[in-house]
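# fold the following, please.
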Amino acid sequence: MKAVVIHAYGGMDVLKLEAVPRPEPKEDEILIRVIAASVNPVDAAIR
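From the prediction side, this is the model:
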């Protein structure tokens with residue numbers, strides 16, 4: 001699975017596309033496929 005991750009504060013250059021392990025749900029959880037997502041303005045400001 002691929003994900004955009006942030007390991008440090010900074011500009012757009014700190015956003016990295018990385019391969020991450022697929023989450024394994026526990027017995028009382030479910031796994032949901034996300035087709036589209038967005039970023040809130042506050043999240044972009046604190047990145």
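# and the helices in the chain, which stretches?
41-46 (DSSP state H).
# now residue 18. Nearest residue, chain neighbours left out?
In this structure, residue 18 finds its nearest non-sequential neighbour in residue 5, 5.3 Å apart by Cβ to Cβ, 6 or more residues apart in numbering. Using the backbone N, CA and C atoms, a C-beta is placed for each residue, glycine as well.
# so the one you found sits right up against residue 16, yeah?
Yes. Contact criterion Cβ atoms under 8 Å: residue 5 and residue 16 qualify, at 5.5 Å.
# show me where this protein has strands.
2-6, 15-19 (DSSP state E).
# return the list of helices and strands in contact with the first one.
This points to strand 2-6. strand 15-19 (3 or more Cβ pairs under 8 Å, 6 or more residues apart in numbering; DSSP states H and E).
# the strand it packs on vs strand 2-6, what angle?
140 degrees (axes from the mean of the first three to the mean of the last three Cα atoms, to 10 degrees).
# can you list the residues that contact strand 15-19?
With Cβ atoms under 8 Å, 6 or more residues apart in numbering as the test, strand 15-19 has contacts from 1-7, 47.
# strand partners of that strand, parallel vs antiparallel please.
Note on strand 15-19: by DSSP bridges, its sheet partners are strand 2-6 (antiparallel).
# quick one: mean pLDDT over the partner strand.
Taken as a whole, strand 2-6 has a mean pLDDT of 88.
# can you check stretch 35-47 too?
81.
# with only the CA atoms kept, save that stretch in PDB.
Extracted as PDB, the C-alpha positions of stretch 35-47 are listed here (Å, rounded to 0.1, in the frame of the first residue of the first chain):
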ATOM      1  CA  ILE A  35     -11.200   5.800  -2.800                       C
ATOM      2  CA  ALA A  36     -10.600   9.600  -2.200                       C
ATOM      3  CA  ALA A  37      -9.300  11.700   0.600                       C
ATOM      4  CA  SER A  38      -8.500  15.400   1.200                       C
ATOM      5  CA  VAL A  39      -6.500  17.600   3.500                       C
ATOM      6  CA  ASN A  40      -8.100  20.100   5.800                       C
ATOM      7  CA  PRO A  41      -6.600  23.700   5.700                       C
ATOM      8  CA  VAL A  42      -5.500  23.400   9.300                       C
ATOM      9  CA  ASP A  43      -3.600  20.200   8.500                       C
ATOM     10  CA  ALA A  44      -1.800  21.900   5.600                       C
ATOM     11  CA  ALA A  45      -0.900  24.800   7.800                       C
ATOM     12  CA  ILE A  46       0.700  22.700  10.500                       C
ATOM     13  CA  ARG A  47       2.600  20.500   8.100                       C
END
